[in-house]
Structure formats: C-alpha cells, structure tokens
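Engineer: Got a predicted structure here, sequence first:
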Amino acid sequence: MPRTLVTALLVLACLAAVTFVACGDEQSRSGRVPGDTLTIFSSLPLQGPHADQAQSVVNAEKLALREAGGRVGDFKINFASADDATAGGDRVGWDPDKTAENARKAVENTRTIAYIGDFESGATAISLPITNEAGFAQVSPASTAIGLTKVVPGAVEAGEPDKFYPSGDRSFARVVPADDVQASAAARWTRQLGARTVFVLGDKSLEGDGLAELYLTAARDAGLRVVGQERMDPRDEDYVELARDVTRARPDAIYFGGGADSNSVQLWRDLHAAAPGTLKIGSHNLLVPDFYGRLGSASAGTYITSAALDPSQLPARGRRFVRDYRREFGEAPDRFAAYGHAAMALLLNAIGRAGDDAPERDRVIDETLATTGFSSAVGTISIDENGDTSLDRLSGYRVRNGRLSLAAALRGEPAKP
C-alpha cells in the first residue's frame with residue numbers, strides 16, 4: 001500500500017525507536033525464544049481510512065494460523081495483533097508513534113519469533129529498523145516502496161535500503177509486488193490502452209515521486225514517448241495552470257504517482273476539464289473510495305493499477321481461500337486479505353523448515369529469506385536476495401460511476417538497479 005512522505009517527524013520517531021532497542025533489555029533481544037511457544041506479532045491500521053482493509057488482513061492471518069492447527073511441529077504458535085493507527089486528532093490513520101510502540105512491544109515479548117507488518121511503506125520504514133535490530137523476521141503483506149529492499153536511482157531516498165537494517169543483516173521480505181513491478185505493469189497497460197505519448201506527474205512525496213520516476217523508465221521501455229514531467233503541489237487550491245501546461249504537451253495519457261491524500265480529486269477535475277479525452281492513470285495509492293467515489297464526470301478515462309490481485313484473479317489456492325474466508329467471517333475478503341494469509345503461511349512454513357531450531361530467530365530469518373517455490377493464496381512465491389517476492393501479476397481497474405470495475409490482468413517486471 002502507499003508510502004507517505006517520511007518527514008522529519010518519522011525520522012525522529014525511527015531514531016528514538018532504534019535507540020530504545022539498542023538500550024533495551026538484553027533478554028528481549030535474545031537470539032533464542034525460550035520454551036515451546038512462539039509468537040507471531042501483527043501490526044496494522046485497525047482505525048481510520050484503511051481499518052476495514054486491515055481487519056480483513058488480520059482475519060486472513062488468523063485463518064492461516066487456524067488452518068495450521070495453531071502449531072508448527074512441536075511448537076505452539078501464538079498470534080498477537082496490534083493497532084498502529086488513530087481515528088482522531090491531527091493524524092487519522094497509521095501513526096508513527098504507535099507504529100514504533102508496537103514494534104517495541106514485539107521486542108519486549110521474549111516469545112516473538114516474527115512480525116507481520118505493515119500496511120503502509122512509511123510505517124515499515126519506522127518498524128523495520130526496530131525489528132531488524134532485535135533480530136527477528138518481518139514480512140509485509142502490503143508495503144510496496146522499493147527503497148525498503150533495493151536501490152533504483154531516482155526512486156529512493158538517500159541511505160535506502162541500508163538505513164532500515166541497523167544490524168547489517170537483512171530480515172525483511174514482502175509478499176506483494178514492489179513499486180517497480182507496478183510501474184512496469186502500468187506503463188505496459190498505458191500502451192495497451194492505445195496511448196503513444198504520456199505526461200508524468202509526481203506529488204512531491206517520496207512515494208509519489210518515486211513511482212513517477214519508476215514509471216518514466218518503464219514507459220520508455222514500453223515504447224511510450226514521454227512528452228512532459230512535473231510535480232504537483234498538494235497544497236495548491238487548484239491545478240488549472242498545471243492542467244494547461246499538460247494539455248499543451250498534447251499527451252495521449254497522464255500518469256500520476258501520487259496518493260489520494262494529495263488533493264488528487266481536485267487535480268483530476270482540473271485535468272478532465274482541460275483535456276476530457278485524455279487517459280488518466282494512477283497507482284494503488286488511489287484505490288480508496290474517498291478518491292474514486294468523488295470524481296463525478298472527471299472519472300471518464302480513469303484507470304488504476306493494484307499491486308494486490310482482485311480476488312477473482314487469484315489462483316486456485318486463492319479461490320479456495322476466498323471461499324474459506326466467506327464461510328468463516330460471513331463476508332468477502334478485501335483484495336489484500338489473501339496477502340495477509342500468504343504472509344502468515346510463509347512464516348509458518350519457514351518456522352517448519354527450521355525444525356528443532358524454530359526458536360532460533362536467526363534461523364527463522366534465514367529460512368524466510370530462503371523461501372522458494374512456496375504455494376500460497378496469491379501464487380507461488382520465491383523471495384530474492386533483496387527480500388522481494390517473485391510475484392509479478394497485478395490487477396487493473398477502471399473507474400465507472402464512482403465504483404471500481406475490474407478491467408485487466410496485468411504483469412510487470414522489476415527495475416534494473
């Protein structure tokens with residue numbers, strides 16, 4: 001899911017959290033979990049705009065553990081779920097202080113063997129240095145920012161990804177395709193939709209500008225001609241002048257890497273008024289009703305890519321998961337739920353492969369990062385040397401009358417470093 005701008009506040013929170021771990025109780029950072037009970041900790045935003053999605057992911061994690069009988073070999077597996085969000089005040093949604101607090105709680109629990117999180121890449125930027133310093137595996141079902149795992153020039157912040165691994169060793173994996181794969185899929189789809197020229201917009205955020213840069217490279221590889229590039233300012237009241245600049249370039253399509261919270265509805269309305277026949281394409285950052293449900297006539301020609309597959313496009317194992325989820329919880333799962341199920345199942349598999357060494361945190365990290373050919377609800381997963389998944393299938397949606405309509409099965413490929 002979207003990675004918000006990592007501000008000075010987040011950096012300070014991250015530094016404070018790492019300091020806490022470094023100065024914390026040595027027993028909490030032990031390399032071996034005592035006894036025969038292991039805890040998998042989950043941290044997701046259970047309040048705010050992504051609450052329903054996150055709860056669906058938690059339900060899926062619980063379902064995967066229940067399917068395993070709550071055990072792996074001789075070891076009982078406990079599940080601890082925490083909320084990293086707030087529902088009021090100045091910040092609604094995931095909160096850096098709560099994210100850091102949850103990661104510290106996982107560290108303080110001497111039985112913690114692994115951590116599932118987060119839903120937002122910005123939150124992972126906070127929690128990962130803490131869990132990495134403590135020395136246990138972290139798997140994300142939704143964090144897509146490329147800087148968490150590897151360097152792609154122009155698309156990452158200085159010091160990434162090394163600053164997320166203070167121990168010097170990798171401990172993070174994700175089961176969702178990263179932003180470079182999504183940008184590649186978006187560029188190919190733009191071409192398939194009939195466009196030959198494209199104008200690329202960022203939003204002055206790390207995630208939005210990073211996706212824009214990744215899309216630029218992918219667009220050229222897909223045979224598109226980039227006729228312009230600009231960064232909108234989310235603080236502006238309107239984008240009439242920007243829309244005029246875009247239309248003067250006469251693009252067939254406009255790609256926007258920014259998020260729903262970047263005044264994107266106003267941007268869309270002004271772009272549509274200036275160029276009503278131009279395709280408008282966005283990323284998973286726009287997959288919230290507060291964006292697509294408010295566009296009105298500006299939704300014409302709007303397409304959005306999703307890093308998470310639509311449930312109808314899941315493989316056979318995934319379709320079985322959807323049926324089991326409906327039976328267990330009485331409703332359809334969110335598109336990210338299958339990735340929560342996959343994250344839990346992958347960790348349980350890694351713990352199983354560790355055998356008698358399952359309580360050894362380092363061993364579980366090694367087995368997690370050595371995952372290959374693992375059959376999951378979202379497909380067959382292998383984890384590469386960076387911690388990225390081998391999955392390259394995505395979904396494409398068209399916005400119609402304030403609703404999402406599944407439009408395409410997409411594929412992308414990783415960017416070359």
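Structural biologist: Good, I have the coordinates. Numbering: from 1, shown residues only.

Engineer: Next, the buried residues of stretch 398-411.
Structural biologist: In terms of neighbour count (16 or more other CB atoms under 10 Å), stretch 398-411 has its buried residues at 398, 399, 404, 407, 408, 410. For every residue, glycine as well, the C-beta is placed using N, CA and C.

Engineer: any chance of those residues in TSV, plus distance to residue 124, pLDDT and secondary structure?
Structural biologist: As requested, the buried residues of stretch 398-411 are exported to TSV (distance: CB to CB, whole Å; pLDDT from 0 to 100; DSSP: H, G, I helix; E, B strand; the rest coil):
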residue	distance to residue 124	pLDDT	secondary structure
398	30	98	strand
399	28	97	strand
404	25	96	strand
407	29	98	strand
408	28	98	strand
410	24	98	strand
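
Engineer: farthest-separated two in those?
Structural biologist: 399 and 410 (16.0 Å; CB to CB).

Engineer: Now do the strands in the stretch 101-250 of the chain.
Structural biologist: 112-116, 137-140, 172-174, 197-202, 225-231 (DSSP state E, counting those that start in this stretch).

Engineer: Residue 157: neighbouring residues, count only.
Structural biologist: For residue 157, the neighbour count with other CB atoms under 10 Å is 14.

Engineer: quick one: it from residue 210, how far?
Structural biologist: Separation of residue 157 from residue 210 (CB to CB, to the nearest Å): 8 Å.

Engineer: list residues touching both of these two?
Structural biologist: residue 147 (CB atoms under 8 Å, 6 or more residues apart in numbering).

Engineer: Could you verify my assumption that residue 377 touches residue 341?
Structural biologist: Yes - the pair residue 377 / residue 341 is scored as a contact, 4.8 Å apart, by CB atoms under 8 Å.

Engineer: what touches both of the two?
Structural biologist: 60, 321.

Engineer: What's the mean pLDDT across stretch 307-323?
Structural biologist: If you average the pLDDT over stretch 307-323, you get 97.

Engineer: where does that stretch sit relative to the chain's centre, distance-wise?
Structural biologist: Remark: stretch 307-323 is offset 18 Å from the chain centroid, using CA atoms, centre = their mean, to the nearest Å.

Engineer: For the residue most central in space within the chain, give me its contacts.
Structural biologist: For the chain, the residue sitting closest to the mean C-alpha position, by CA atoms, centre = their mean, is residue 143 at 2.4 Å. Residue 143 makes contacts with 1, 3, 118, 119, 120, 121, 123, 124, 174, 176, as judged by CB under 8 Å, 6+ apart.

Engineer: try 6 Å
Structural biologist: Neighbouring residues of residue 143 by CB atoms under 6 Å, 6 or more residues apart in numbering: 118, 121, 124, 174.

Engineer: What confidence value was assigned to the nearest residue to residue 352 once chain neighbours are set aside?
Structural biologist: In this structure, residue 352 finds its nearest non-sequential neighbour in residue 72, 4.8 Å apart by CB to CB, 6 or more residues apart in numbering. In this model, residue 72 is scored at 98, pLDDT.

Engineer: same deal with residue 301?
Structural biologist: 97.

Engineer: Please name the residues that touch it.
Structural biologist: Contacts of residue 301 by CB under 6 Å, 6+ apart are 279, 280.

Engineer: neighbouring contacts of stretch 192-210?
Structural biologist: Counting by CB under 6 Å, 6+ apart, 2-3, 5-6, 155, 157, 212, 215-216, 219, 224-232, 234, 246, 249, 251-258, 262, 279 sit against stretch 192-210.

Engineer: what's the answer for stretch 331-338, then?
Structural biologist: Residues from elsewhere that reach stretch 331-338, judged by CB under 6 Å, 6+ apart: 53, 56-57, 60, 142, 308, 310, 314, 318, 321, 325, 377-378.
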